[in-house]
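1. return atomic coordinates for the entry below.
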Amino acid sequence: MKNRYIDFENTFEKFPKVDVKDYEQGIINTNETIAKHIRDNHNDARIIVVECYPGVDYETLNKTFFKYFEADRVCVDDYALDPQAINEKIAHHLTDDRVFGIMSHFEIEDFYADSGIRRLREEIGTKKGRVIVYGFGAGKLIDGDLTLYLDLARFTIKKRYRAKTLSNWRMSDYDLDPLRKEKRGFFIEWRTADRIKKNLFDRMDYYLDANDESDLKMVTKTDFFKALDQTVNQPFSMVPYFDPGVWGGQWMKEVCDLDREKENYAWSFNGVMEENSMHYRYGADHLESPAINLVFFRPTELLGAPVHGRFGTEFPIRFDFLDTMEGGNLSLQVHPLTEYIQDKFGMAYTQDESYYILDSKNGGVYLGLKDGIDREAMITDLKDAEAGKKTFDAGRYINHYSVKPHDHVSIPAGTIHCSATNTMVLEISATPYIFTFKMWDWGRLGSDGVPRPIHLEHGLANIQWDRTTSFVEKELINPLKTIREEPGVKEESTGLHERQFIETRRHTFNKKTHHETDGSVNMMMLVEGQEALVESPQRRFESFTVHYAESFIVPDHVKSFTITPSGPSRNKTVKTIKAYVRH
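-> Here you go, the predicted model:
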């Protein structure tokens, strides 16, 4: 099939791995072998605690893993509050909205009555022989002789929600709208689970990859932390995932070598620490682990001390793709101001963002309001469109700009915007990615056959009416500034706006180029050229090869590194984009 978007054979790596060095045991494969290892090495462990991240399939565990143990089994979930009581407890944080809730600060004990915890411990005490205590919160509620931690990727959980094979914790809501299940996970369950994880990892004995409970993979705590320690001392890439959408396009199919039979791909989360996974290779096999574990357990080395001090164990930068090539417009949208997201949703900071244009076929962006519009007329038209009375005439009120490859558009929170058809966007933004207030979705249905959520009230409360044509063209489109230029190397600041904490730098070069992390994690992408080589001047890490459109992260602990055009790009001019936190 002839390429339409690139003139070379791309080698986009869909499953990047970190090769772990100097490990002790390595991966123990198959449920039967794992059980035998535990029996052989921990025969005196009477209480085996199995902490399960919410989303782990208990039924499969019982059928394919626990059956290899001669032990009684106790599921801690059975002693928690009943579903109605849990719903009442979380109602304020969950809200009635289909998408948005309020960030919660629950501990697992909040979902148990004192009597329930007492009955749980009494039940375990009645067992005469070995007992397996498992479930969400087992490691926090019960002191065991041996602790296993079962973890799985966020995308695995989402796919199970969508396939209706997974309900929320303690619920039987298999058929519930997946957006509502994901919301409950995001605002309630995953927050509680991450607090357990941060408390438990230093005390666990084994870490298990539970993305497939019928074929678990296990490493010792020591070997797991060897992977984290190594990763924060070298450049690395997370495992991207790709999702279709009502506005999705065709670019990623070709450039990222995806299934050509799929209708489209809209999103790629290829640089979202809370969503993406890491693949750690021990010898011939690999283990999957949520990338966010790096932030939780090696924050200073990864983020840099100034960034860790400011954001805690959150990764503040996000890269993702928005593909509308031969697709449709994104929803017309706005993101909340900082004070709004703090007051309404309990988030510390908001989603300021930018669009870096990778490709365009007469594409464009909608950005900011036109000078002199009638504000009240626009509000009326939006409300009428939401009610289905009319179509919203976006061109009457919103600026539309044509864009070309390597344009960079800043979008501080409060700016109405969207990517238009036939545009390939690398979205560089702050991390609170869930808070998008759709104001108009072009009258279409979602992929589930129902209208996608519109949040006009939120949107109108945040739109900045003074961000009109003159402001946009002066401050938001290609605010380029040359930082340094020498033969073969040009470094430019491409934004972002002064309201945004992320700095972006573009390097155009045909020879080895030196970089410093300078107190902040660096997130990068090769945005022009086929291949480049990342190296350590001090030989602190093995050379790392990146290909076109691949995101990669350079931890602050690396300190200095070089990038050189390599392979088919040797001696040719290439471009990278780099994002880091200003300080």
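
2. which parts of the stretch 1-150 of the chain are helices?
-> Applying DSSP state H, counting those that start in this stretch to the stretch 1-150 of the chain gives helices spanning 31-41, 58-64, 83-94, 114-126, 138-141.

3. C-alpha coordinates for the longest one, PDB please?
-> Taking C-alpha atoms only, helix 114-126 is exported to PDB below (Å, rounded to 0.1, in the frame of the first residue of the first chain):
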ATOM      1  CA  ASP A 114     -15.300  -1.300  62.500                       C
ATOM      2  CA  SER A 115     -17.400  -4.400  62.900                       C
ATOM      3  CA  GLY A 116     -16.700  -5.500  59.300                       C
ATOM      4  CA  ILE A 117     -12.900  -5.200  59.900                       C
ATOM      5  CA  ARG A 118     -13.300  -7.100  63.200                       C
ATOM      6  CA  ARG A 119     -15.300  -9.900  61.600                       C
ATOM      7  CA  LEU A 120     -12.700 -10.100  58.800                       C
ATOM      8  CA  ARG A 121      -9.900 -10.600  61.200                       C
ATOM      9  CA  GLU A 122     -11.900 -13.000  63.400                       C
ATOM     10  CA  GLU A 123     -12.700 -15.100  60.300                       C
ATOM     11  CA  ILE A 124      -9.000 -15.300  59.400                       C
ATOM     12  CA  GLY A 125      -8.200 -16.300  63.000                       C
ATOM     13  CA  THR A 126     -10.500 -19.300  62.800                       C
END
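
4. residues in contact with that helix?
-> By CB atoms under 8 Å, 6 or more residues apart in numbering, the residues outside helix 114-126 that reach it are 47, 74, 76, 79, 80, 81, 109, 112, 131, 133, 141, 142. Quick note: C-beta positions are derived from backbone N, CA and C, even for glycine.

5. over to the third one?
-> For helix 83-94, contacts defined as CB under 8 Å, 6+ apart pick out 80-81, 101-104, 106, 110-111, 170-172, 183-184, 187-188.

6. would you indicate which residues of it are buried?
-> 86, 89, 90, 93, 94 (16 or more other CB atoms under 10 Å).

7. want to throw the residues you listed into JSON lines with distance to residue 197 and pLDDT?
-> Shown next, in JSON lines, are the buried residues of helix 83-94 (distance: CB to CB, whole Å; pLDDT from 0 to 100):
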{"residue": "86", "distance to residue 197": "20", "pLDDT": "97"}
{"residue": "89", "distance to residue 197": "21", "pLDDT": "97"}
{"residue": "90", "distance to residue 197": "20", "pLDDT": "97"}
{"residue": "93", "distance to residue 197": "20", "pLDDT": "97"}
{"residue": "94", "distance to residue 197": "22", "pLDDT": "96"}
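
8. return the member of those nearest to residue 557.
-> Using CB to CB, residue 93 is the member of these that lies nearest residue 557, at 35.7 Å.

9. for that closest one, give its distance to residue 183.
-> Taking CB to CB, to the nearest Å as the measure, residue 93 falls 10 Å from residue 183.

10. tell me where the model's unsure across the stretch 1-150 of the chain.
-> Flagging of the stretch 1-150 of the chain using pLDDT under 70 yields the residue ranges 1-2.

11. mind doing that once more with 90?
-> By pLDDT under 90, the low-scoring segments of the stretch 1-150 of the chain are 1-4, 7-10, 128.

12. one step back: of the buried residues of helix 83-94, just say which sits nearest to residue 294.
-> residue 93 (27.2 Å).

13. tell me how far that closest one lies from residue 509.
-> Per CB to CB, residue 93 is found 49 Å from residue 509.

14. coming back round to it: got a ChimeraX select line for the buried ones in the contacts of helix 114-126?
-> This is the ChimeraX syntax for the buried subset of the contacts of helix 114-126, where burial follows 16+ other CB under 10 Å:
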select :47,74,76,79,80,81,112,131,133,141,142
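
15. among the contacts of helix 114-126, name the ones in strands.
-> By the criterion of DSSP state E, membership of the contacts of helix 114-126 in strands covers 47, 74, 131, 133.

16. before we move on, the earlier item: among the buried residues of helix 83-94, which two are most distant?
-> Most distant of those, by CB to CB, are 86 and 93, 11.5 Å apart.

17. returning to what we had before: shared neighbours, residue 93 and residue 183?
-> residue 101.

18. domain ranges for this protein?
-> 31-215, 241-277+297-475, 481-581 (automatic domain parsing).

19. any figure for the gap between residue 242 and residue 270?
-> For residue 242 relative to residue 270 (CB to CB), the value is 8 Å.

20. which of the two has more residues huddled nearby?
-> For residue 242 and residue 270, the more surrounded residue by other CB atoms under 10 Å is residue 270, and the numbers stand at 28 against 21.

21. is it true that that one touches residue 551?
-> Yes - if you go by CB atoms under 8 Å, residue 270 and residue 551 touch, sitting 4.7 Å apart.

22. give the intersection of the neighbour lists for the two.
-> Shared contacts of residue 270 and residue 551, defined by CB under 8 Å, 6+ apart, are found at 238, 240, 319.

23. sort out for me which of these are in strands.
-> Among the shared contacts of residue 270 and residue 551, the residues falling in strands (DSSP E) are residue 319.

24. going by neighbour count, which of the shared contacts of residue 270 and residue 551 comes out on top?
-> residue 240 (28 neighbours).

25. low-confidence stretches in the stretch 301-450 of the chain?
-> Along the stretch 301-450 of the chain, segments meeting pLDDT under 90 span 348-349, 431-434, 445-450.

26. can you do 80?
-> Residues of the stretch 301-450 of the chain that meet the criterion pLDDT under 80 lie in 433, 446-450.

27. and the strands in it?
-> Along the stretch 301-450 of the chain, counting by DSSP state E, counting those that start in this stretch, strands occupy 317-323, 332-334, 353-360, 364-369, 398-402, 408-411, 417-419, 423-430, 437-440.

28. out of these, which gets nearest to residue 35?
-> strand 317-323 (39.4 Å).

29. from the chain's centroid, how far away is that closest one?
-> 10 Å (CA atoms, centre = their mean, to the nearest Å).

30. what angle separates that strand from strand 353-360?
-> If you take axes from the mean of the first three to the mean of the last three CA atoms, to 10 degrees, strand 317-323 sits at 40 degrees to strand 353-360.

31. let me have the strands of the stretch 301-450 of the chain in TSV, extended by distance to residue 152.
-> Listed next are the strands of the stretch 301-450 of the chain as TSV, based on distance: least, CB to CB, whole Å:
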stretch	distance to residue 152
strand 317-323	21
strand 332-334	30
strand 353-360	28
strand 364-369	36
strand 398-402	41
strand 408-411	33
strand 417-419	32
strand 423-430	26
strand 437-440	30
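
32. closest one to residue 57 among the ones you listed?
-> That would be strand 317-323 among those, by CB to CB, at 28.1 Å.
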